[in-house]
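**Q** Structure for the following, please:
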Amino acid sequence: MLDKGQITDWDGEPEAPVPNAPRGKDAVEQLLGAREAIPTGERVTLTPEQVTARKRRGQWIALALFAFVILVFVLTMAKVGGGIPERM
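**A** Numbering: from 1, shown residues only. Presented below is the predicted three-dimensional model:
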């Protein structure tokens, strides 16, 4: 729960505690159970710096994944390649 002092540009009132909030097993089921999404209509607009950072992060993840696949392939070929007898 957030208070007014924790958000600098919020001019509303602090949230009231939820009465009769589920506790124990009911709370876990409510937290982990299946439920439908509620559309709020809110959208997040990224700044150009955030878009650039997201793109760069995605490229590094793709590069790391590609390098991992190549590493697994090379190690597999090295391990399997030693067990194949040469025919001459």
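
**Q** When you work out contacts or count neighbours from here on, use the C-alpha atoms and nothing else.
**A** Fine.

**Q** what are the phi and psi angles of residue 45?
**A** For residue 45, the backbone dihedrals (degrees, to the nearest 10) come out as phi -110, psi 120.

**Q** Number the residues from 45 up from this point.
**A** Let's use 45 as the start, then, which means that last one is residue 89.

**Q** pLDDT score for it?
**A** On the pLDDT scale, residue 89 is placed at 90.

**Q** what about it, how many neighbours?
**A** 8 (other Cα atoms under 10 Å).

**Q** On the three-state scheme, residue 60 is what?
**A** Here residue 60 is coil, with the state taken from DSSP: H, G, I helix; E, B strand; the rest coil.

**Q** Could you tell me how many residues sit around it?
**A** By other Cα under 10 Å, the residues close to residue 60 number 9.

**Q** in which helix or strand would I find residue 111?
**A** helix 92-125 (DSSP states H and E).

**Q** Quick check: the gap between residue 95 and residue 76.
**A** As defined by Cα to Cα, to the nearest Å, residue 95 lies at a distance of 32 Å from residue 76.

**Q** who has more neighbours, the two?
**A** residue 95 (12 against 9).

**Q** quick one: low-confidence parts of the chain?
**A** Along the chain, segments meeting pLDDT under 70 span 45-59, 61-62, 64-69, 126-132.

**Q** redo that, cut-off 90
**A** 45-88, 121-132 (pLDDT under 90).

**Q** Could you check how far residue 89 is from residue 105?
**A** Distance from residue 89 to residue 105, by Cα to Cα: 23 Å.

**Q** now do residue 80
**A** Here residue 80 is placed at a distance of 31 Å from residue 105 (Cα to Cα).

**Q** more neighbours, the two?
**A** Shown here are residue 80 and residue 105; by other Cα under 10 Å, residue 105 has more neighbours (12 against 5).
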